[in-house]
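A.B. asks: Okay, structure incoming, though there's no sequence with it:
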Ligand SMILES: CC(=O)N[C@H]1[C@@H](OP(=O)(O)OP(=O)(O)OC[C@H]2O[C@@H](n3ccc(=O)[nH]c3=O)[C@H](O)[C@@H]2O)O[C@H](CO)[C@@H](O)[C@@H]1O
Ligand SMILES: C=C(OP(=O)(O)O)C(=O)O
């Protein structure tokens, strides 16, 4: 088990190039199973979740190699459609295997996915979507058995624009017979990236990025080479890290439109952000003011994945900011830990009242999940004296060598391995 030791109080300054997006790479790696042959996926970050996805692919016979952000994989020796239970339980994204395997091989056996404890996270929308395409699905003693000789296109109205369910249905419908329409689809940039990748393999999908996606099934998909989009959540993390330390940074390899909601809120606090093509710069050159209200929502709303980080930042800005978490019911686990560092945050159901304080103090805190852990790191960068953040394995799920990235722009942070 690892911890971060952070000596705070130093403004960050410098340049960072943003890596590929975990949430785009994970469904793409699962979708690669739908083509037989050798494939190349570029800009795939070296993260725990990606490692687990590759372990899953290996466990069913796929050969993979991950070097310098390049995954090469060969699906010709795929020999099983049963995903081992211990790997399913390691992360939420293991559920991405269900759509591709069912569509390509007509059957799949798996169990419920695991992942960070940020809410209940059911998979009913994934399963009902696949049933609407003709799959027969049963559950027994924790295992999920799915079968369909040939999926058939259908009309699927999602009760909620779930990112994962939209992606699973898109992948499965690519090889279904006939046309599928997903209504109230999620609109996240990672869904548009998956559409681009699948279309490059020969799928016929349109509408990603809007609330209605059309998929005309094709009989076969072919191997391809593809580069995933930059990670908008890492972009946001670095912007907020620079802002909380009142620093100045430049980010390269970003897609500014993917962070509109964050940029609008940061600018409203008084932060100067400039964008030019795939470059973004941030400077804090005047006193900051609190925001009245932020609520998380599906894209293009404010992302739930940046809520904890935004909270850490607003905890240091004079005035009161109200933050409402509307996507996951268990995503305020950072609050007690931030308060141990001197912040003044109270919770009423899904709203947090964040009263900005001029000073946070270093403390021993524990990362309860991925983004909550990253928020504690940001608080540590601002705090006077030393902060120790344990539970770094949660952070490693979504950030490649976070400490190295932050050290490169002046942060005093190091990783230690506990006994
Ligand atoms: C790998 C990946 O891309 N992860 C992202 C994805 O997760 P994920 O795809 O799991 O998130 P969803 O959009 O599915 O979840 C949103 C809401 O829908 C609910 N729900 C979801 C599925 C379902 O079958 N039934 C149901 O009720 C969830 O409990 C949650 O309250 O989108 C989330 C919301 O932007 C992000 O926080 C995650 O980082
Ligand atoms: C919640 C997240 O990821 P996942 O859906 O993979 O758990 C996240 O990236 O913040």
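C.D. replies: It's in. All values derive from a computational prediction rather than experimental measurement. Numbering: from 1, shown residues only. Ligands and ions are numbered 1, 2, ... in the order given.

A.B. asks: Let me see the ranges of the strands in the stretch 251-400 of the chain.
C.D. replies: Here the stretch 251-400 of the chain has its strands, by DSSP state E, counting those that start in this stretch, at 272-276, 279-283, 293-295, 320-324, 344-348, 351-355, 364-366, 386-390.

A.B. asks: Just list what the last one packs against, helices and strands only.
C.D. replies: To tie it back to what came earlier, the one meant is strand 386-390. Contact here means 3 or more C-beta pairs under 8 Å, 6 or more residues apart in numbering; DSSP states H and E; on that basis strand 386-390 packs against strand 2-7, strand 364-366, helix 370-382. In this view, the C-beta of every residue, glycine as well, is placed from N, C-alpha and C.

A.B. asks: Which of these sits closest to ligand 2?
C.D. replies: helix 370-382 (4.7 Å; C-beta to the nearest ligand atom).

A.B. asks: on that earlier part again, would JSON lines of the strands of the stretch 251-400 of the chain with mean neighbour count, mean pLDDT and distance to ligand 2 be doable?
C.D. replies: What follows is these, written out as JSON lines (neighbours: other C-beta atoms under 10 Å; pLDDT from 0 to 100; distance: least, C-beta to the nearest ligand atom, whole Å):
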{"stretch": "strand 272-276", "mean neighbour count": "13", "mean pLDDT": "97", "distance to ligand 2": "22"}
{"stretch": "strand 279-283", "mean neighbour count": "19", "mean pLDDT": "98", "distance to ligand 2": "20"}
{"stretch": "strand 293-295", "mean neighbour count": "17", "mean pLDDT": "97", "distance to ligand 2": "17"}
{"stretch": "strand 320-324", "mean neighbour count": "19", "mean pLDDT": "98", "distance to ligand 2": "16"}
{"stretch": "strand 344-348", "mean neighbour count": "14", "mean pLDDT": "98", "distance to ligand 2": "19"}
{"stretch": "strand 351-355", "mean neighbour count": "19", "mean pLDDT": "98", "distance to ligand 2": "17"}
{"stretch": "strand 364-366", "mean neighbour count": "20", "mean pLDDT": "97", "distance to ligand 2": "17"}
{"stretch": "strand 386-390", "mean neighbour count": "21", "mean pLDDT": "98", "distance to ligand 2": "17"}
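
A.B. asks: Same list (these) but as a markdown table, adding distance to residue 199.
C.D. replies: Below are these laid out as a markdown table (distance: least, C-beta to C-beta, whole Å):
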| stretch | distance to residue 199 |
| --- | --- |
| strand 272-276 | 27 |
| strand 279-283 | 28 |
| strand 293-295 | 33 |
| strand 320-324 | 36 |
| strand 344-348 | 44 |
| strand 351-355 | 41 |
| strand 364-366 | 43 |
| strand 386-390 | 41 |
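
A.B. asks: Could you measure from the closest residue to ligand 2 within the stretch 301-419 of the chain over to residue 151?
C.D. replies: Closest approach between the stretch 301-419 of the chain and ligand 2, counting by C-beta to the nearest ligand atom: residue 305, at 4.0 Å. Separation of residue 305 from residue 151 (C-beta to C-beta, to the nearest Å) stands at 31 Å.

A.B. asks: Of these two, which one has the most company?
C.D. replies: residue 151 (25 against 21; other C-beta atoms under 10 Å).

A.B. asks: is it true that that one touches residue 177?
C.D. replies: Yes. Shown here, residue 151 and residue 177 form a contact pair, counting by C-beta atoms under 8 Å, at 7.0 Å.

A.B. asks: Spell out which residues are contacts of both of the two.
C.D. replies: Residues touching both residue 151 and residue 177 (C-beta atoms under 8 Å, 6 or more residues apart in numbering) are residue 217.

A.B. asks: Could you report the pLDDT at residue 116?
C.D. replies: Confidence at residue 116, expressed as pLDDT, is 84.

A.B. asks: List the contacts of stretch 392-404.
C.D. replies: 1-4, 19, 22, 45-49, 91, 116, 233-234, 237, 367-374, 377, 389, 405, 411, 413-415.

A.B. asks: whoops, stretch 346-357 was the one
C.D. replies: 290, 311, 314-326, 329, 332, 335, 342-345.

A.B. asks: chain center to that stretch, what's the gap?
C.D. replies: 24 Å (C-alpha atoms, centre = their mean, to the nearest Å).

A.B. asks: tell me how far the ends of it are from each other?
C.D. replies: One end of stretch 346-357 to the other measures 13 Å (C-alpha to C-alpha, to the nearest Å).

A.B. asks: and that stretch with ligand 1, contact?
C.D. replies: No. Stretch 346-357 is not in contact with ligand 1 by C-beta under 6 Å from any ligand atom; minimum separation 11.1 Å.

A.B. asks: Use 711 as the first number from now on
C.D. replies: Fine by me, first position is 711 from now on; the one you just mentioned is stretch 1056-1067.

A.B. asks: Leaving out chain neighbours, which residue sits closest to the residue located most distally from the centre of the chain?
C.D. replies: The C-alpha centroid of the chain is most remote from residue 859, which lies 32.5 Å away (C-alpha atoms, centre = their mean). Distances taken as C-beta to C-beta, 6 or more residues apart in numbering place residue 816 nearest to residue 859, at 5.5 Å, with adjacent residues excluded.

A.B. asks: wait, doesn't the one you found sit right on residue 858?
C.D. replies: Yes. Using C-beta under 8 Å, residue 816 is in contact with residue 858, at 5.8 Å.

A.B. asks: neighbour-wise, which of the two wins?
C.D. replies: Legend: neighbour count by other C-beta under 10 Å for residue 816 and residue 858, higher for residue 858 (21 against 15).

A.B. asks: And this structure, what are its domain boundaries?
C.D. replies: Following the assignment in automatic domain parsing, the chain carries domains at 712-729+940-1127, 732-937.

A.B. asks: now do the same end-to-end measure for the last one.
C.D. replies: For domain 732-937, the first-to-last residue distance is 12 Å (C-alpha to C-alpha).

A.B. asks: Not counting its neighbours along the chain, what's nearest residue 965?
C.D. replies: residue 940 is the one closest to residue 965 (C-beta to C-beta, 6+ apart), at 6.0 Å.
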